[in-house]
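Build me a structure from this.
(one chain, ligands or ions: 1)
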Amino acid sequence: MDLRQLRYFIAVAQERNFTRAAERLHIAQPPLSRQIQQIEEELGTHLLVRSSRPIRLTDAGRLFYEEALQVLGRVEQMKEATRRVGHSERQLLTIGFVASLLYGGLPLLVRRLRQRRPDLDIRLVEIMSGGQNEELKAGRIDLGFGRIRSDDDAIERLVLREERLVVALPTDHPLAGDPGPLPLTALAGEHLVVYPSRPRPSFADQVLSLLRDHGVRPLSVYEVSELQIALGLVAAETGVCVIPGSAGSMRQELRYRLIDDPHATSPIILSYRRSDETSPVALLRQLLLQMYAEPHPWLANSYTLLEGGADP
Ligand code: BEZ
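Numbering: from 1, shown residues only. Down below sits the predicted model:
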């Protein structure tokens, strides 16, 4: 099946008449009928009720029509975006990131990068840490900001800082009364919500292995796809959740307690292709050092690992 056939089907579905559709498409009616028949043969189902006047769509035909409109719309978007990049002088820079970094320094860093490099066409795409290396190697992203250390000869990584972990608790939870740091062992016997469930290894594994290292066994572990869902479930008193400190500003109705262990941290890691000559990593390093020297609330309870020095 090809895009031309989708266009033909859309014309028939909209005109409800083969003659008018053929005129609109500037083709003869027999080839148009043949193409529609070919689609139906490929799908093994009827899309049109030809005996009615005007022609009607079957249920499958209606579904196919809606989907065909979406596919062609998407193709138009793709062509337009490609043309725009091709015709502009701007270099496309695609940044993959994990959602929790939106509560840390990512928005400010991107704003400052836009100011310093207006020639860059910066796009942001959410990609779990575990998927970033493949996306970098395939050239679908140019930089990845994630939380999982992984070794790959083609990828350089720079650990920017380590964030202390906090436990998100429902307000009425017995551990929520005391605002002070919470020992990890207090999580023994708790219902634990972790995220993301895929791809593995993920932040969920970091949390689970941290608990295992300290011999802490939760009563149950519930894996969910993302941070917002995990915190929503904590609000619904499904369990408690360990999150990076900066994400603790997300839901005001929860209580957040710092884990009383300076080694209970999650890194923020910048990854990029080793061979990428055009990567603005040197500038990012400069912008980050500047940001880390400023008093931002999301920097509380974290250790900055990024150092000045030679450009990569
Ligand atoms: C940060 O929170 O430190 C950070 C997050 C994403 C990109 C750069 C820095």
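
Backbone torsions only: list them for residue 125.
Main-chain dihedrals, residue 125, degrees, to the nearest 10: phi -130, psi 140.

mind checking the SS state of the closest residue to it other than its chain neighbours?
Nearest non-adjacent residue to residue 125, counting by C-beta to C-beta, 6 or more residues apart in numbering: residue 96, 5.4 Å away. Quick note: C-beta positions are derived from backbone N, CA and C, even for glycine. Per DSSP: H, G, I helix; E, B strand; the rest coil, the secondary structure class of residue 96 is strand.

same check, this time on residue 192
Under the three-state scheme (three-state DSSP), residue 192 adopts strand.

picking up where we left off before, state the distance from the residue nearest to residue 125 to residue 33.
47 Å (C-beta to C-beta, to the nearest Å).

quick one, which of these two is more surrounded?
More neighbours surround residue 96 than the other of residue 96 and residue 33, with 24 against 16 (other C-beta atoms under 10 Å).

Who is the residue nearest to residue 125 paired with across the strands?
residue 125, residue 144 (DSSP bridges).

give the contact list for it.
Residues near residue 96 by C-beta atoms under 8 Å, 6 or more residues apart in numbering: 125-127, 131-132, 135-136, 141, 143-146.

Repeat that for residue 40.
Listed by C-beta under 8 Å, 6+ apart, the contact set of residue 40 reads 46-48.

and of those residues, the nearest to the ligand?
For those, the residue nearest the ligand by C-beta to the nearest ligand atom is residue 47; the value is 48.1 Å.

can you tell me the helix or strand for the residue nearest to that closest one when sequence neighbours are not counted?
Of all residues not flanking residue 47 in the chain, residue 61 sits nearest, at 3.6 Å (C-beta to C-beta, 6+ apart). When elements are assigned from DSSP states H and E, residue 61 belongs to helix 59-87.

for that helix, packing partners?
Contact here means 3 or more C-beta pairs under 8 Å, 6 or more residues apart in numbering; DSSP states H and E; on that basis helix 59-87 packs against helix 3-15, helix 29-43.

The shortest one - contacts with which helices or strands?
With contacts taken as 3+ C-beta pairs under 8 Å, 6+ apart, helix 3-15 sits against helix 18-25, helix 29-43, helix 59-87.

switch to 10 Å and redo it
Under the contact criterion of 3 or more C-beta pairs under 10 Å, 6 or more residues apart in numbering; DSSP states H and E, helix 3-15 touches helix 18-25, helix 29-43, strand 48-49, strand 56-57, helix 59-87.
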